[in-house]
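Chemist: Structure, please.
(one chain, ligands or ions: 2)
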Amino acid sequence: MNSNAPATDVQSIAVIGAGSWGTALALQLARRGHEVRLWGRDQQQVAAMAADGENRRYLPGAKFPAKLSAVKDLQHCLDDAAIILVAVPSHGLRETLTQLKPRLRDNVRLCWATKGFELSTGKLPHQVAAEVLGDQRPMAVLSGPTFAREVGDGLPTAMTIAANDEQFATDLANALSGDNFRAYTSSDMIGVEVGGAVKNVLAIGAGISDGLGFGANTRIAMITRGLVEMTRLGVALGAQTETFMGLAGMGDLVLTCTDNLSRNRRMGLLLADGRSIDEAQQEIQQVVEGVLAAKAVKEVADKLGVEMPICQQVYRILYEGVSASEAVGALMGRRLKPE
Ligand SMILES: NC(=O)C1=CN([C@@H]2O[C@H](COP(=O)(O)OP(=O)(O)OC[C@H]3O[C@@H](n4cnc5c(N)ncnc54)[C@H](OP(=O)(O)O)[C@@H]3O)[C@@H](O)[C@H]2O)C=CC1
Ligand SMILES: O=C(CO)COP(=O)(O)O
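Modeler: Residues are numbered from 1 along each chain as shown. Ligands and ions are numbered 1, 2, ... in the order given. Next up is the predicted model:
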């Protein structure tokens, strides 16, 4: 199915999390003809969205179709929903799922678009979800090279949906896909989630590198060797190697390392310009997952004994006061080995 005609299997869908990504996904689903309710934790912001017919705080200018409504009451948002899509940052995922748990009907299917490890446990989103909600329910993760701004603007986009249930992945892909949106399915939830978490760390590194005036050679070396690190960690956690050659691996890594729409890349650029993490975060005013992911990835990699030298140097710049030139020196001085 790939047309602008409304989806034939119209669903009632609840989107939890009214940041830029939750809003863009809600828009895409509503454009496909589904009945979509969007809930955010900030009641004032939800009221403003309902009044304005757009999310001026996080995705200004993307007008809500008639099928998309912003709702204040969580239970009302979930009522009748066949699918729940959670789009909150990784540090809020467990709390959000815990809040949803007593309200979930038995047959409702749940997916999320969160990218990152849970810092306190080193767990991936699907592990957090299984811990909170059990593993009997169809669950899926949405990932890939998908800037909210561009999805909001209706620009052609492709993503990956990985699920523990093939039918759910297919149903979600059908629900989202249209002329300007194409979703591929996968069964590799680990690989898709590792890709989404690690690319944010590398994008901060790419931003620092470009901000300091290192050239294209440096950027591409970081992307290519970064992909090797991401794959190594993923495989150690049980992912399939091929996943990292796809949209949720290489695709998202190249996107965020090379385009200034990426908040993680912008964080790196601002750090290179002399800002502290807090100052850069103040300026960006949106979630920058890579800052916490740098810590989480380091802890998980250390525990598993996985070598991730570039991610480790990004961690050292962020948390140990190491300068970028020292970090480059440490990377260049490593023992030579076959590629
Ligand atoms: N934006 C993008 O292009 C894409 C983002 N993603 C991923 O989507 C996830 C959400 O990010 P995104 O929408 O971009 O972020 P934004 O910064 O645009 O919005 C963050 C949203 O999350 C809410 N929020 C913040 N902290 C918590 C918390 N502790 N618990 C519950 N909700 C919280 C915010 O609410 P409030 O306004 O009240 O603070 C806001 O609605 C991230 O994991 C991100 O990596 C994935 C693909 C693309
Ligand atoms: O995940 C994203 C695009 O796929 C968004 O990237 P940033 O979080 O770096 O903006």
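
Chemist: and the residue nearest the centre of the chain, what is it in contact with?
Modeler: In the chain, the residue lying closest to the centroid (CA atoms, centre = their mean) is residue 115, at 3.4 Å. Residues in contact with residue 115 (CB atoms under 8 Å, 6 or more residues apart in numbering) are 90, 143, 193, 196, 197, 199, 200, 289. C-beta here means a position set from N, CA and C on the backbone, and glycine is covered the same way.

Chemist: Check the gap between it and residue 199 for me.
Modeler: From residue 115 over to residue 199 the distance is 8 Å, taken as CB to CB, to the nearest Å.

Chemist: ranges for the strands of the stretch 101-250 of the chain?
Modeler: 109-112, 139-143, 157-163, 181-186 (DSSP state E, counting those that start in this stretch).

Chemist: now the third one and strand 139-143, what's the angle there?
Modeler: Using axes from the mean of the first three to the mean of the last three CA atoms, to 10 degrees, the direction of strand 157-163 lies 160 degrees away from that of strand 139-143.

Chemist: Please list the residues of the stretch 151-300 of the chain that sit near ligand 1.
Modeler: 286, 287, 289 (CB under 6 Å from any ligand atom).

Chemist: The second one: neighbour count?
Modeler: I take that to be residue 287. 23 (other CB atoms under 10 Å).

Chemist: So which of the residues of the stretch 151-300 of the chain next to ligand 1 sit within helices?
Modeler: residue 289 (DSSP state H).

Chemist: Make TSV out of the residues of the stretch 151-300 of the chain next to ligand 1 and add pLDDT and distance to ligand 2.
Modeler: Putting those into TSV (pLDDT from 0 to 100; distance: CB to the nearest ligand atom, whole Å) gives the following:
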residue	pLDDT	distance to ligand 2
286	97	7
287	97	7
289	98	6
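
Chemist: can you give me phi and psi for whichever residue of the stretch 51-200 of the chain sits closest to ligand 2?
Modeler: When scored by CB to the nearest ligand atom, the stretch 51-200 of the chain has residue 146 as its residue closest to ligand 2, at 4.6 Å. Dihedral pair for residue 146: phi -140, psi 80, per degrees, to the nearest 10.

Chemist: measure it to ligand 1 for me?
Modeler: 5 Å (CB to the nearest ligand atom, to the nearest Å).

Chemist: Would you mind measuring from that residue to residue 41?
Modeler: Distance from residue 146 to residue 41, by CB to CB: 23 Å.

Chemist: Could you check which of those two has the larger neighbour count?
Modeler: Higher neighbour count among residue 146 and residue 41: residue 146, with 25 against 15, using other CB under 10 Å.

Chemist: So the more buried one sits against residue 159, correct?
Modeler: Yes - using CB atoms under 8 Å, residue 146 is in contact with residue 159, at 5.2 Å.

Chemist: returning to what we had before: which one of the strands of the stretch 101-250 of the chain has the most crowded surroundings?
Modeler: Greatest average neighbour count among the strands of the stretch 101-250 of the chain goes to strand 139-143 (a mean of 27), per mean count of other CB atoms under 10 Å.

Chemist: other SSEs contacting it?
Modeler: strand 109-112, helix 125-133, strand 157-163, helix 166-176, helix 189-211 (3 or more CB pairs under 8 Å, 6 or more residues apart in numbering; DSSP states H and E).

Chemist: Pass me the low-pLDDT residue ranges in this structure, would you?
Modeler: 1-6, 8 (pLDDT under 70).

Chemist: What are the structural domain limits within it?
Modeler: 12-187, 197-332 (automatic domain parsing).

Chemist: Those domains into JSON lines, with extra columns for distance to residue 339?
Modeler: What follows is these, written out as JSON lines (distance: least, CB to CB, whole Å):
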{"stretch": "domain 12-187", "distance to residue 339": "25"}
{"stretch": "domain 197-332", "distance to residue 339": "9"}
